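Visitor: A predicted structure for the sequence below; I have some questions about it.
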Amino acid sequence: MKQAALVVIVVVGVLIAVIWAFQRRLIYFPSAAPVPRAHHVINGARDVTLETSDGLSLGAWLVPPRGRANGLSILVANGNAGDRSLRAPLAEALAEEGFAVLLFDYRGYGGNPGDPSEEGLARDVRAAYRFLVQDELVEPEQLIYFGESLGAAVVSKLATEHPPGGLLLRSPFTNLADVGSVHYPFLPVSALLREHYPVIEHVRRVDVPLTVVYGTGDSIVPPEQSRAVAEAAPGDAAVVAIEADHNDPALLDGSHLIAAVVKLAERMRRSGPPS
């Protein structure tokens with residue numbers, strides 16, 4: 001009996017050690033291959049390079065507005081999988097509404113050097129912000145941060161440092177431990193995690209026009225977590241519920257999602273510069 005209990009303890013210990021050592025492989029799912037040139041995917045787009053504070057050069061695409069420009073730019077922070085080429089339909093749909101759009105890949109994604117981590121992604125999105133503000137001369141109040149799932153965590157942190165004109169969080173979780181516990185209920189997730197991504201804490205500190213978009217059938221990020229993020233905002237947050245799962249087209253570049261961005265831009269114009 002004691003021997004069996006000892007075996008169980010050893011097995012559990014080994015499992016926890018493996019998860020501790022390889023947990024980032026359970027968080028980040030990069031497409032590491034280089035992406036095509038920007039203009040091969042999106043007409044009029046151009047390749048640009050972002051320089052991080054720790055010396056990495058990251059690939060990105062700058063997509064100009066089509067038709068009548070509305071004077072606003074959107075910084076898109078991807079979720080935890082794929083690369084920027086998968087967000088091309090989103091960028092094209094936003095460009096059709098008059099927005100300029102920056103798509104970029106984190107370190108380790110899309111042929112970029114480095115390995116993803118919470119601190120690394122924070123550096124990467126800061127580089128995207130600097131490029132838009134310093135190189136493209138975009139005023140911060142003319143910027144919308146668009147964060148997709150994990151990207152919602154990335155831009156919510158950026159917003160605490162550099163408030164944008166508006167913030168759209170698509171399928172945000174409250175923090176990484178909360179969403180991890182849903183998928184691994186048999187593990188002490190909070191104790192094991194080295195990455196935290198405390199979205200709800202960041203949102204409480206950001207007083208800018210906010211829109212939260214989520215899928216009512218999301219099987220990856222529970223809808224109640226996205227609603228909790230919206231409820232944590234200092235001001236009134238717009239909430240858009242879409243009948244979709246996490247990676248359904250409706251949540252990637254669907255008409256309701258694009259309309260939510262357009263309405264956020266209208267709120268920004270009414271509310272004035274961020275405080």
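Guide: Right, received. Where do you want to start? Numbering: from 1, shown residues only.

Visitor: what are the ranges of the strands in the stretch 151-275 of the chain?
Guide: 166-170, 210-215, 237-242 (DSSP state E, counting those that start in this stretch).

Visitor: what's the second one in contact with?
Guide: By CB atoms under 8 Å, 6 or more residues apart in numbering, the list of residues contacting strand 210-215 from outside reads 166-172, 203, 221, 223, 226-227, 229-230, 233, 235, 237-246, 248, 250-251, 256-257, 260-261, 263-264, 267. C-beta: built from backbone N, CA, C; applies to glycine.

Visitor: With the shortest one instead?
Guide: Outside of strand 166-170, the residues within contact range by CB under 8 Å, 6+ apart are 143-149, 151-152, 155-156, 159, 199, 203, 206, 208-214, 226, 229, 251, 257, 260-261, 264-265, 267-268.

Visitor: so where's the stretch 101-250 of the chain shaky on pLDDT?
Guide: 184, 186-191 (pLDDT under 70).

Visitor: Recalculate using a threshold of 90.
Guide: Applying pLDDT under 90 to the stretch 101-250 of the chain flags the ranges 176-196, 236.

Visitor: and Asp135, what is it in contact with?
Guide: Val48.

Visitor: switch to 10 Å and redo it
Guide: Shown in contact with Asp135 (CB atoms under 10 Å, 6 or more residues apart in numbering): 48-51, 62.

Visitor: just to revisit the earlier point, tabulate the strands of the stretch 151-275 of the chain (TSV), appending distance to Leu137 and mean neighbour count.
Guide: Putting the strands of the stretch 151-275 of the chain into TSV (distance: least, CB to CB, whole Å; neighbours: other CB atoms under 10 Å) gives the following:
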stretch	distance to Leu137	mean neighbour count
strand 166-170	19	29
strand 210-215	25	25
strand 237-242	29	17
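
Visitor: sorry, back to before: ok, which pair from the contacts of Asp135 is furthest apart?
Guide: Pairwise distances among the contacts of Asp135 were taken by CB to CB; the largest, 14.8 Å, belongs to Glu51 and Leu62.

Visitor: who's more crowded, the two?
Guide: More neighbours surround Leu62 than the other of Glu51 and Leu62, with 22 against 13 (other CB atoms under 10 Å).

Visitor: Phi, psi for that one please.
Guide: Main-chain dihedrals, Leu62, degrees, to the nearest 10: phi -110, psi 120.

Visitor: so what's it up against?
Guide: 38, 42, 44-48, 73, 91, 100-104, 131-132, 135-136.

Visitor: Out of these, name the ones that lie in strands.
Guide: In strands, defined here by DSSP state E, the members of the contacts of Leu62 are 46-48, 73, 100-104.

Visitor: Now the buried members of the residues you listed.
Guide: Among the ones in strands among the contacts of Leu62, the ones that count as buried by 16 or more other CB atoms under 10 Å are 48, 73, 100-104.

Visitor: Look up the closest residue to the residue nearest the centre of the chain, ignoring the ones flanking it.
Guide: Closest to where the C-alpha atoms of the chain average out (CA atoms, centre = their mean) is Gly151, at 1.1 Å. Leaving out its chain neighbours, the residue that sits closest to Gly151 by CB to CB, 6 or more residues apart in numbering is Ala77, at 3.3 Å.

Visitor: So what pairs up with the closest residue to Phe104 other than its chain neighbours in the strands?
Guide: Spatially, and ignoring its direct neighbours in sequence, Phe104 is nearest to Ala60 (3.6 Å; CB to CB, 6+ apart). Beta-bridge partners of Ala60, counted by DSSP bridges, are Val48, Phe104.
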